[in-house]
Structure formats: C-alpha cells, structure tokens
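K.L.:
following is a predicted model, sequence given first.
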There are 2 protein chains.
Amino acid sequence: MTVLDGATRLHLILGDPIAQVKSPGGVTRCFAARGRNAAMLPVHVTAAEFDDFVRGASLARNLDGLTITVPHKFAAARHCATLTERAQLLGAVNVMRRNPDRSWHGDMLDGAGMVAAIRACGGEPAGRHALLVGAGGAGTAIAQALLEAGVASLALHDADPARAEALLARLRPVSGGVPLRGLAAAEPEGCTLVVNATPAGMRPEDPLPVPPERLRADMFVADVITAPEVTPLLAAARALGCGTSTGVDMFGAQVELIADFLLGGA
Amino acid sequence: MTVLDGATRLHLILGDPIAQVKSPGGVTRCFAARGRNAAMLPVHVTAAEFDDFVRGASLARNLDGLTITVPHKFAAARHCATLTERAQLLGAVNVMRRNPDRSWHGDMLDGAGMVAAIRACGGEPAGRHALLVGAGGAGTAIAQALLEAGVASLALHDADPARAEALLARLRPVSGGVPLRGLAAAEPEGCTLVVNATPAGMRPEDPLPVPPERLRADMFVADVITAPEVTPLLAAARALGCGTSTGVDMFGAQVELIADFLLGGA
C-alpha cells in the first residue's frame, strides 16, 4: 500500500453509490507496484451535483485522474476536452486524465477490460462469431470492443429489442463490414464466443441469460458479473468443457488498463 | 495503513504548496489506530481557486473533513457556518468538519497543539509567566492558547512592533485580566516559559530568537520549528537543563487533536 504523504498524486473514482467499488484498493496497489506515489480515492457524488463537483475538484493541481462509474459515465464525457475514438462513439467515459493544458482527456475501458479478460483466459475474440446478451451500458462498450478486437460476426440480444436495434444502428458505421444482427432470443448456435452483459446471474433466482442446454464445448463463455464469481452460466459452460472468463477476471484486467491510462499510457 | 476501498471516508488537507505536509500519513495512521476506515489526502490548491475548490469538493457525500494550511486559514473560516470561540477570535481555522446539515464547523488547533506538546514534555503552562516570540499566524494561535491554558502573564515580542500591538489589542478583551505586554526585545527575564513562534532557527545562519545567555534553568523552552528538530535555541536550553518541547512534539500532539476534531470530538 502506498504510504500517503504531501506529495501523493490524487485520482478519484466518482459514483453514486460508491461504497461497493473496488478500484481504490486495486488501482492504488497498481500505482504502488509501478513505483508511483499516487492513490485512488472514492467520492460519493450525486448526479445532480456531479458537474459542480467535477468543476471544483478539477482545480486541484495534484488531481491527475478520474475514474467514473454509474451513473456518471455519460455526464463525465461532457467534461472532456478530448475523447478517444471509442469514447466519442459511445458518448461515455470511465477514465479521464489531464491534457498538457490541464483539460480532461477521456476514454472508455469497460469493453477493453472484457476483451483483455477473454484473451487472458485463452479465448482470443479475433475471428470468432460472437453472441452478446445485453445492450445496456456495459453491453454497449463490450460490443464496440468485440468489433475492435476483430470478431467475425456479432449477434446481439436484449430483452428490449428496440435497445438492441439502436445499438446495432450505432455500430454499423464502424463495423467495417462485419455482419451484425439482432436476435429475438439468446440463441448461441453458430457462435464460438458467448458474452453475458446483463445482471442475470447475480441472484440465485435469476434465469440464465443463455439457455445452458444450447451451449457447446467449442464456445468460450464470458460474464460481466463479479459476485458470484462463477455464475450459473459459467458453471454450466465449465461443466461442458468451455473456456470461460469471469467478471472478476474482467475487473482485474480493467484495473491494469485504468492504471495504464491514468499514468499516461506509460 | 488504512487499506483504501469504496467505503473509505475522505478528509483533505488543502495548501499551496502541499508536498511538504506530513498530515496525510500522520492523521491517516491516527484514523486507522482508532479503527476508522478514513484517509487524509493532500490537495494542492491556489489561493485564487480555493473558494471554488471548496464549494465543489464539499458536494462529495463522503468528504467528512478538511485540514487547512498556508495560505488558506483565513479564507477557510469564511466557508464555515459555525466556528469555535477561539476560531472566531482568531478569524482563522485549520480544521473543518460537517455539521448535521452538512455545513462546515471550524476550529483552530495550531495553538492547542503547542500547549499539548508543552504539557506532554512536562512544562504545564498554567501559572507560568510566558514570553512568546512571533505574532504571525502561528504566534497568534499560540498566544490565544497560552491564555486559555492559564498562563499568569504573557509577554510578546515581534520584529514588527505594530504587529505585536495589534495582536495584544485583540487578546485583551479575552485575557480575563491576565497581564499582557509588548516587549521591544525578546528578553526572557522573569519568565518561566519561552516559546518561539518565528522561523528563526530553520537555517544555520539564523540569529537565535531569544539571546541564549539570558536563558535560565527554570525556564521551559518550546519551539514551533520541525526541521531541525532540535533548534539552536532548544540546544542552548537543554545545555542549561531547561525542559523543552520541539516542533515535532507540537506536530505529533496536533495530529491527535486534528483526528479528535475530525472524528467529531470522539
């Protein structure tokens, strides 16, 4: 653990609620492992007060970075003078660092964290036919990241078909000709990468996001849920011999990506 | 060291410059020793941006306390809805905690830290005739605290006689009849407590704030300077057999007082 002193550089994670986040410990340990005197602190700020908080806090000369969680990812993008291409496409950021003129530069790493976790667990997405379940905030970022990672096709299911269609419409201009389609049901047939980006699996009574009897051993199955670490979907996949990655894997991968970004891509 | 997590309660120390402050480590360790998940972080904020920073940062729901250092102690008092009597008298605060309605309550502990250090080192101020050298920010707070601690009289010397007179004029209404006098020179004769509240002694070439040949063994000698820990004044006093307290003792005492105040006087 970094020993705090007067020279400690500050990074904040902003959310409402905030007590559940794990980045203060994870990212601060990451800073220390890289030999940096820097810490990430949690800040509980409401949506109504978010803009005024960011304007005030940005005046701190030793505030180098912000991490953004629910519900502020879209509001935060408006505080950025510059955005990465993917953050611009998604209209949302989860990390912000200073430009040389002290304005904010934003990126969205939620999808990259999932792709990095899939890769770390042996499920390279490039060339795979992917089924993504869930077109909310996490699903949107993951859909973009899967296309960026080179999937051969992307099928998308959401309980709200209009939400799935809206996301597909935003992705088509940047898909580079990769086939995109909406599915009325979460049918994994023909896919070799299945990703859950819905909350289904957090509670024991939740239905599985994908019917487990439709999984096959050549599918790699990934989940965004961190608790339980092994969701019923992942347990079913592992029983079949599928490769899997968990929400905890995704969080771990994202901590590294967040530290990379906040320290300036070093 | 507190392990940072999403539930960590925040306290900030605000100054310009800030890298030299030791409270982030000291107060955070104090919080941990009391079993609190709380941390104190340094914030570098300029005088021009101080008010906007405080207004913005105050919106954070998990920001429980502020510690204030140079040059913000007077500006900070204006952000307090309520002040202790001594902070009101001094027009300055170095600590702020939340009232039940989330407004700020301020106190000034600079003087109390000195008195606590003197007591801890065996120099109880009550009943002593005190000579205080220096009527700046630290000296002002210490003068008030010495009166509050029950000194029998207080003599004050400052290189700027008008500054000394101005402080005496502010103290007279609250002195409760204790004799106060300004001295044209730092002459300790007749005093049994000598306090240096000037920077003299930080650099080897500084003149001593009190002529060492005028010290006597029955005097207790205290200094605000933390580096060197034993100033030439304290070295001379110790050589005579005087009791002494250092700036490091004062800082240590103040860390405890700051933690007490920020945690609600608990």
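P.N.:
Structure's in. What do you need?

K.L.:
all helices of the stretch 101-250 of chain A, in order?
P.N.:
A:110-120, A:137-148, A:161-171, A:232-240, A:247-262 (DSSP state H, counting those that start in this stretch).

K.L.:
tell me what the longest one is packed against?
P.N.:
On a contact count with 3 or more Cβ pairs under 8 Å, 6 or more residues apart in numbering or on different chains; DSSP states H and E, helix A:247-262 meets helix A:23-33, strand A:63-68, strand A:95-98, helix A:110-120. Quick note: C-beta positions are derived from backbone N, CA and C, even for glycine.

K.L.:
pLDDT score assigned to A:A266?
P.N.:
In this model, A:A266 is scored at 40, pLDDT.

K.L.:
A:E49 and B:R55 touch, don't they?
P.N.:
No: here A:E49 lies out of contact with B:R55, judged by Cβ atoms under 8 Å, at a distance of 10.8 Å.

K.L.:
tell me which element whichever residue of chain A sits closest to chain B is part of?
P.N.:
Residue nearest to chain B within chain A: A:G56 (1.1 Å; Cβ to the nearest Cβ). Per DSSP states H and E: A:G56 is located in helix A:47-57.

K.L.:
please save the CA atoms from that helix in CSV.
P.N.:
Extracted in CSV, the C-alpha atoms of helix A:47-57 (Å, rounded to 0.1, in the frame of the first residue of the first chain):
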residue,chain,number,x,y,z
ALA,A,47,-26.0,13.0,-10.5
ALA,A,48,-27.5,16.4,-9.6
GLU,A,49,-24.2,17.6,-8.1
PHE,A,50,-21.8,15.8,-10.4
ASP,A,51,-21.0,18.8,-12.7
ASP,A,52,-20.3,21.2,-9.9
PHE,A,53,-18.2,18.7,-8.1
VAL,A,54,-16.0,18.0,-11.2
ARG,A,55,-15.6,21.7,-11.9
GLY,A,56,-14.5,22.4,-8.3
ALA,A,57,-12.3,19.3,-7.9
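
K.L.:
got the buried residues for stretch A:229-243?
P.N.:
Residues of stretch A:229-243 classed as buried by neighbour count (16 or more other Cβ atoms under 10 Å in any protein chain shown): A:V230, A:T231, A:P232, A:L233, A:L234, A:A236, A:A237, A:C242, A:G243.

K.L.:
ok, now which ones touch A:R97?
P.N.:
Taking Cβ atoms under 8 Å, 6 or more residues apart in numbering or on different chains, we find A:R97 in contact with A:D64, A:G65, A:W104, A:H105, A:F261, A:L262, A:G264.

K.L.:
pull the contacting residues for the closest residue to A:P211 other than its chain neighbours.
P.N.:
In this structure, A:P211 finds its nearest non-sequential neighbour in A:A186, 7.2 Å apart by Cβ to Cβ, 6 or more residues apart in numbering or on different chains. Neighbouring residues of A:A186 by Cβ under 8 Å, 6+ apart: A:L131, A:V133, A:H157, A:P209, A:V210, A:P211.

K.L.:
go again with 10 Å.
P.N.:
A:131-134, A:155-159, A:194, A:196, A:198, A:200, A:208-211, A:214 (Cβ atoms under 10 Å, 6 or more residues apart in numbering or on different chains).

K.L.:
re the thing from before, let me have the helices and strands packed on helix A:247-262 in JSON lines, extended by mean pLDDT and distance to B:V95.
P.N.:
Shown next, in JSON lines, are the helices and strands packed on helix A:247-262 (pLDDT from 0 to 100; distance: least, Cβ to Cβ, whole Å):
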{"stretch": "helix A:23-33", "mean pLDDT": "94", "distance to B:V95": "24"}
{"stretch": "strand A:63-68", "mean pLDDT": "98", "distance to B:V95": "22"}
{"stretch": "strand A:95-98", "mean pLDDT": "98", "distance to B:V95": "30"}
{"stretch": "helix A:110-120", "mean pLDDT": "97", "distance to B:V95": "39"}
